[in-house]
Each structure stands twice: as structure tokens, then as C-alpha cells.
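Novice: Predicted model follows, preceded by the sequence.
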Amino acid sequence: MSQQNNIILLGKFEYRCLATNPSGQSNLDSLDQSNDDSENQSHIENINIDGQEENLIYFSQISDYSLEEDRYYVGQVQLSPNQQYIAFEIKKSDSNSEMYFHLIFNIQTQKLLYKDEQYYSKFMFTSDSKYIIYCQAYKIYLMELESIQNKLLIEENFAQLLTVDSNNNIYIQKNNYLYLYSIENKLTSSFILNESLKSQFIRQAYKLHSDFIFLVSQDSNYIINYSCNKILSKQRSLEGQCQNVIFQNQFLIEWDLEIDQINLSNLKNRKLIRKFKNNQEGSSSIFKNQNSIYKYFFFRDSENSHIDQSYIRINLLTNGKITSRLSLGKYKYLIYERIIMTDYLLIIIDSFKFRFFQYDLQQIGQI
């Protein structure tokens, strides 16, 4: 099934405003016109976006900044579950620079919500998108996004943030202990790790129900009854850099980022259900909602010169697949470092800026 989707530019965030705007608010309207997207011209063509014909300028040169313009390296990026906020870290590409920025941007208002010039080793949003949890200098903090107020969860040093689950339980490891902090109950509980796990580097943890926790180490996955500190099952995990997602406490999605392969398995018995692997060059992202979990793969379509960006959306649970094309207009030749796609957002990330687009998912249905 192949469709075509039009896009609308919602806004953009340019990293250079960090050096010129001490208040931390992004100035989206008063940027130097010499660096505006519309300055680099190749030819003008009429295309139809949302029923309106517009003159769009196509790029012949990708770079919309001069060579003297500062470039930045984009590290971790996290999108809130309600798709309102995006948190990310950036660092100047200059090897002599040690300046990091941790930023939270409100996509709806197109305003920079928070800026901190420190390195965060890990950060993530809660499932209700009301908080962000982050680890800075081996201390764990909880920030309420509405008030931008921080709370220190673990006062001692050398704590490691693991995960936050769908019930807003935060998992933290310190030495040989696993801590579970409940945002709703404002309580912290802990248990000592099984002796065989003390030498393991724990990457993620999920509470399956009252007594069971799923742990991901550097080489194995475990289901543990933490009330009696007993390992119930152990399975080898995927090698390489992996991202694990648990859906509805029934399915385990293991995403090998290095080779872009996903394994879907039954969480309880670890039986493999299916594999997904891309053989094309492109950019992938995973998006989860209440109904299912989806993989988006964004790639260039060399067979069509007019609409040259396409994507595949796969419902990982049902194996339903859609191939669709995006009418990108003047943005069709952008060089990007990363793409994030959801059920209606397209976020294009490069060395100079984030661009936020909206597209119409209704045209492709709910497969």
C-alpha cells in the first residue's frame, strides 16, 4: 500500500541562538536573513500543499549556513510521549570545546523551556509527560515540566538512572542496590541485587507486576522475583548497542541500533515472534502509543525525482506495513543527521537546527 503525504512546517530551533540569547528563549523570527532557508535557490516550482498552491524554492546546495558557522554535535534525543516536548543534548563540534547544553523545547509553543550548560549522562520523560528524570554528576533529579522545579531523588553520589515504566516508577541502581521510586506515592523502595548480578552492568529495569522485575544487563536479560531475590529466567540479549522496549508487559522489543534489526518476542517465555531488518540506508525511529508500537524507516526514493523521500511504517505487533511518500517541497534535498517520526510529527535534525513538521496520518489509515 503506497500513499503520499503533505507536510506543514511547524517551526525550527537553531542552535546558534544559544550563544547570542542569554535568556534561553529561542528567537525564531529575527534570524539573519542571509542564513534563512529561502536564500539558497535553485529553481522555483509550484506544488500543492494542503490544497494551496505555493511557490517553493528547491535547494541546489544543501548547506544553508556558511562554512564559518558553528556546527554542533547532537547526542541524546528524547521525545515526550504526548509529543509536546523534546529534550536533547548538544555540544560544539569543535574538539577543543567542552561546552554541553541540555535543552527542553516545547514543540507546541516553539519556545525553549529549559537550558542547562552541563552534561547529563541520561534523561527520560515519564509516561504522562509531566516530568523528566535526569542523571547529572551521578545524582538523580526529577523535574516537573509545568513549574520547571527540580527534586533530588538520590542524595548520594554514584547513582545510575536505568528506566521509567508506564506506571511512572523510576528505577535507579547504586552499588549493589536497585531503587524503585514511585512518583505517585512519593515513596522509595529498594532491594539488594542477586549475588550473580553484582558484577553485571545493568542497563534497564521494568516492573512487570507486584513481585517481578525484568532486568537488562550488558549480555543477558533476567526476570527476577525481587521479594525473595531469586532469578526466575535468564536469556542472552542481542549483542551490540541495543534499545529495549516493553509493551503492555507482554512483548519485548529488542532493537539493535548498529545493524538496525528488531526482534519481537514474548516477554514471559522469550519465544521469538518475528524479526525486522532494513537492508536500505536510511534513518529509523520507534514510536509507541496505547494501541501498538511502530517502527518508522525514512529513506530516499531514487526512482522518483519529484518526491524523493519515502518512509515505511511497520506495526511491530501485527506486522502490518505501509509505504508512503512525503511531499517535502523546498526541504527535499536536506542533509540530515537523524529523523524522528511519530503518528503525525516529522522531526529533521542536522548540525545547525531542528525542524518540526506535521503530516497527515489519516490518509494512510491505522494499519
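Specialist: Yes, it's here.

Novice: center of the chain, which residue is that?
Specialist: The centroid of the chain falls nearest to Q78 when counting by Cα atoms, centre = their mean (3.7 Å).

Novice: Now it: closest residue in space that isn't a chain neighbour?
Specialist: A87 (4.8 Å; Cβ to Cβ, 6 or more residues apart in numbering). No exception for glycine: its C-beta is placed from N, CA and C like everyone else's.

Novice: Likewise for I340?
Specialist: Closest to I340 by Cβ to Cβ, 6+ apart is I347, at 4.1 Å.

Novice: Need phi/psi at H209.
Specialist: Backbone torsions for H209, taken as degrees, to the nearest 10, come to phi -160, psi -160.

Novice: Tell me how many other residues surround the residue lying closest to it once chain neighbours are set aside.
Specialist: Nearest residue to H209, sequence neighbours excluded (Cβ to Cβ, 6+ apart): N249, at 7.1 Å. For N249, the neighbour count with other Cβ atoms under 10 Å is 16.

Novice: Verify the contact between N249 and S210 for me.
Specialist: No. With contact defined as Cβ atoms under 8 Å, N249 does not count as touching S210 (11.8 Å).

Novice: quick revisit: let me see the contact set for the residue nearest to Q78.
Specialist: 76-78, 80, 102-105, 123, 125, 132 (Cβ atoms under 8 Å, 6 or more residues apart in numbering).

Novice: Which of those has the largest number of neighbours?
Specialist: Neighbour counts for the contacts of A87, by other Cβ under 10 Å, peak at I132, which reaches 26 neighbours.

Novice: That one is in what secondary structure piece?
Specialist: strand 131-136 (DSSP states H and E).

Novice: neighbouring strands for the next helix or strand after that strand, and are they parallel or not?
Specialist: The helix or strand immediately downstream of strand 131-136 is strand 139-144, counting by DSSP H and E. Strand pairing for strand 139-144, determined by DSSP bridges: strand 131-136 (antiparallel), strand 149-154 (antiparallel).

Novice: what about the ones you listed, which gets the closest to M341?
Specialist: Comparing the strands paired with strand 139-144 by their distance to M341 (Cβ to Cβ), the top pick is strand 131-136, with 21.5 Å.

Novice: what's the neighbour count on W255?
Specialist: 21.

Novice: dump the residue contacts of it.
Specialist: Contacts of W255 by Cβ under 8 Å, 6+ apart are 242-245, 261-262, 286.

Novice: The same query, at a cut-off of 6 Å, please.
Specialist: By Cβ atoms under 6 Å, 6 or more residues apart in numbering, the residues touching W255 are 243, 262.

Novice: starting at the chain centroid, how far to the helix or strand containing it?
Specialist: Under the criterion of DSSP H and E, W255 resides in strand 251-256. Chain-centre distance of strand 251-256: 15 Å, with Cα atoms, centre = their mean, to the nearest Å.

Novice: List the strands paired with it, with their directions.
Specialist: strand 242-247 (antiparallel), strand 261-266 (antiparallel).

Novice: Pull out the buried positions in the first one.
Specialist: Of the residues in strand 242-247, those with enough neighbours to count as buried (16 or more other Cβ atoms under 10 Å) are 242, 244-247.

Novice: circling back: for the strands paired with strand 251-256, which has the smallest mean pLDDT value?
Specialist: The minimum mean pLDDT among the strands paired with strand 251-256 belongs to strand 242-247 (a mean of 81).

Novice: which residues touch it?
Specialist: 204, 206, 216, 252-256, 293.

Novice: picking up where we left off before, so which of the strands paired with strand 251-256 gets nearest I8?
Specialist: Per Cβ to Cβ, nearest to I8 of the strands paired with strand 251-256: strand 242-247, 28.9 Å.

Novice: one step back: of the contacts of strand 242-247, closest to N269?
Specialist: L252 (10.6 Å).

Novice: The closest one: what's its closest spatial neighbour, skipping adjacent residues?
Specialist: Nearest non-adjacent residue to L252, counting by Cβ to Cβ, 6+ apart: L267, 4.6 Å away.

Novice: Give me the distance between the one you found and S127.
Specialist: Separation of L267 from S127 (Cβ to Cβ, to the nearest Å) stands at 18 Å.

Novice: got the buried residues for stretch 112-119?
Specialist: 112-116.

Novice: if we can go back for a sec, most widely separated two among the contacts of A87?
Specialist: Pairwise distances across those (Cβ to Cβ) peak at 14.9 Å, for the pair S80 and H102.

Novice: name the helices or strands packed onto the strand ranked longest in the chain?
Specialist: Of all the segments of type strand in the chain, defined by DSSP state E, the longest one is strand 2-14. Counting by 3 or more Cβ pairs under 6 Å, 6 or more residues apart in numbering; DSSP states H and E, the packing neighbours recorded for strand 2-14 are strand 321-327, strand 353-359.
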